[in-house]
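**Q** have a look at this prediction, sequence included:
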Amino acid sequence: DAKTTQPNSMESNEEEPVHLPCNHSTISGTDYIHWYRQLPSQGPEYVIHGLTSNVNNRMASLAIAEDRKSSTLILHRATLRDAAVYYCILPNTGNQFYFGTGTSLTVIP
Amino acid sequence: NAGVTQTPKFQVLKTGQSMTLQCAQDMNHEYMSWYRQDPGMGLRLIHYSVGAGITDQGEVPNGYNVSRSTTEDFPLRLLSAAPSQTSVYFCASRPGRRRQTEAFFGQGTRLTVV
């Protein structure tokens, strides 16, 4: 099963874009890339997912490298409410989600 | 639409006691899972179910039992609680087998074993 690597923490100024990287060098051709985030004292919530093409939704954008060995979650204008732990996940062969430690995002007012 | 509901929200147990954490979803999802999250850590998969009557072990199954008699409910049982099981427990559900489906999480049960 493919594994992901993310920086432990990142900081961003409020209202500036944030680029959260994820490396998944052992990804297979059928692995979807999922991103979830966990606000303080809450359960994780879905952010976005993709397979090959870049994806956009109301929360964020997902940029996937051409070789699919890495991806970047883009928050276009960080707000204080975006302070959370962000998890990059590739469902395993049993289609289960295994979480790493994620990236803790701090947004500076 | 309630989504994924976990009860209780908080629980304190004495070592050796047993209890059941409840999880219910009203979205007719096939997949349900239980995770635990220790302070400063990511979520770890305990047990999961791909449909009624079918369960399997995740990363950290020891000390926990599950069953899935209905699509809606997926209870997690602690047979003899230990301090090492102090954690926040999250239940999740997903529509089905496809890898692109979104997971929905409950708000968690904070368990303390003394």
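**A** Received, thanks. Numbering: from 1, shown residues only, chains lettered A, B, ... in the order given.
**Q** give the contact list for residue 79.
**A** Because you didn't say which chain, this covers chain A. A:14-15, A:107 (Cβ atoms under 8 Å, 6 or more residues apart in numbering or on different chains). Glycine gets a C-beta too; all of them are placed from N, C-alpha and C.
**Q** please go with chain B instead
**A** Contacts of B:Leu79 (Cβ under 8 Å, 6+ apart): B:18, B:63-65.
**Q** likewise for B:Ala92?
**A** Counted by Cβ under 8 Å, 6+ apart, B:Ala92 has contacts A:43-44, A:97, B:4, B:32-35, B:103-106.
**Q** and of those, the nearest to B:Pro75?
**A** Nearest to B:Pro75 among these, counting by Cβ to Cβ, is B:Trp34 at 9.2 Å.
**Q** name the element that closest one belongs to?
**A** strand B:31-37 (DSSP states H and E).
**Q** next SSE downstream of that strand?
**A** strand B:43-51.
**Q** secondary structure added to the contacts of A:Thr79, as TSV?
**A** Below are the contacts of A:Thr79 laid out as TSV (DSSP: H, G, I helix; E, B strand; the rest coil):
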residue	secondary structure
A:Glu14	coil
A:Glu15	coil
A:Val107	strand
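**Q** buried ones among those?
**A** A:Val107 (16 or more other Cβ atoms under 10 Å in any protein chain shown).
**Q** could you dump the contacts of A:Thr79 into a markdown table with pLDDT added?
**A** Below are the contacts of A:Thr79 laid out as a markdown table (pLDDT from 0 to 100):
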| residue | pLDDT |
| --- | --- |
| A:Glu14 | 96 |
| A:Glu15 | 96 |
| A:Val107 | 97 |
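**Q** excluding sequence neighbours, find me the nearest residue to the closest residue to chain A within chain B.
**A** Closest residue of chain B to chain A, Cβ to the nearest Cβ: B:Phe105 (3.5 Å). Of all residues beyond its chain neighbours, the one nearest B:Phe105 is A:Gly43 (3.5 Å), with distances taken as Cβ to Cβ, 6 or more residues apart in numbering or on different chains.
**Q** find the nearest non-adjacent residue to the residue most central in space within chain B, please.
**A** Using Cα atoms, centre = their mean, the residue of chain B that lies closest to the mean C-alpha position is B:Trp34, 2.8 Å off. Using Cβ to Cβ, 6+ apart and skipping residues adjacent in sequence, the residue nearest B:Trp34 is B:Ile46, 4.4 Å away.
**Q** around chain A, pick out the residues from chain B.
**A** Within chain B, the positions near chain A by Cβ under 8 Å from any Cβ of the partner chain are B:4, B:31, B:33, B:35, B:41-45, B:48, B:50, B:56, B:58-59, B:90, B:92, B:97-100, B:102-108.
**Q** rewinding a little: which residues touch the residue nearest to the centre of chain B?
**A** By Cβ under 8 Å, 6+ apart, the neighbours of B:Trp34 are B:21, B:23, B:45-48, B:58, B:64, B:66, B:74, B:76, B:89-92.
**Q** tell me which parts of chain A are close to chain B?
**A** Counting by Cβ under 8 Å from any Cβ, chain A sits next to chain B at A:30-32, A:36, A:42-46, A:49, A:51, A:85, A:87, A:91, A:94-102.
**Q** swap in 6 Å and give it another go.
**A** A:32, A:43-44, A:46, A:49, A:91, A:95-96, A:99-102 (Cβ under 6 Å from any Cβ of the partner chain).
**Q** could you count how many residues lie near B:Gly40?
**A** By other Cβ atoms under 10 Å in any protein chain shown, the residues close to B:Gly40 number 8.
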